[in-house]
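A.B. asks: A structural model of the following input is requested.
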Amino acid sequence: MNNKILLSTDTMVGYGLDMIFEMAKKCGYDGIDLAVSKGFDAWNENYVKSLVKKHQLPIYSIQTSASLNSKEMNKVLDLCEATNCDLITINAPKFFDFRSYAFIANNIGEYQAQNPALNFAIINPEDNNIFALPIPAYRFSNMLDIIKKYNCALALDVANMDSQELEGNFSNKLDDFAQYLAMVYISDKSRK
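C.D. replies: Sure, this is the predicted structure:
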């Protein structure tokens, strides 16, 4: 396996995509993780495609918002087609966002069936124990059960885990998760 080091546009909120692509290229990143929720220019597939060509820097992942709906998912699918990206990472909905949870739960299988060349991964939720039971039922918290149930991979964001969980529980159970990992987001945990 040839692992890639990507720059997520999510880490550079407020900057234009052209500048982010330019910086990623100059710094030697292998590609981009495009967060569509962080800038309107990310929604323009022709513009994004032109940046991929201009900077000779591929998009390996397109990241959705935590408030996913059909409009956003269809835009992400268009972006995947325009940029030859085959990985969609889905931010888990916030605790009481029943609408986004229901959208994912009721539609992810259909999107997978209609797009067999694409891979879908769910990003572990912020400030939650991924080994806890899902209470209430509309909650992505037991990630291993969720990724199995919805036939998705895991996009692990270490900034969303507390240090004790990351160093203890997760590290001890890494063998259980390794086969499901599609992406690992590494960042400065003190950014909050």
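A.B. asks: Now do the buried residues in the longest helix seen in the chain.
C.D. replies: Identified as the longest helix of the chain according to DSSP state H is helix 98-114. Residues 100, 101, 103, 104, 105, 108, 111, 112 are the ones in helix 98-114 that count as buried (16 or more other C-beta atoms under 10 Å). Heads up, the C-betas are built off the backbone N, CA and C, glycines and all.
A.B. asks: what about the following helix or strand past it, distance to the chain center?
C.D. replies: The helix or strand immediately downstream of helix 98-114 is strand 119-123, counting by DSSP states H and E. Chain-centre distance of strand 119-123: 6 Å, with C-alpha atoms, centre = their mean, to the nearest Å.
A.B. asks: Can you check what angle separates strand 119-123 from helix 98-114?
C.D. replies: Comparing the axes of strand 119-123 and helix 98-114 via axes from the mean of the first three to the mean of the last three C-alpha atoms, to 10 degrees yields an angle of 160 degrees.
A.B. asks: ok, so what distance separates the residue positioned nearest the centre of the chain from residue 147?
C.D. replies: For the chain, the residue nearest the mean C-alpha position is residue 89 (2.7 Å; C-alpha atoms, centre = their mean). Look at residue 89 and residue 147: by C-beta to C-beta, to the nearest Å, they are 12 Å apart.
A.B. asks: list residues touching both of these two?
C.D. replies: Listed as contacting both residue 89 and residue 147 by C-beta atoms under 8 Å, 6 or more residues apart in numbering are 121, 122.
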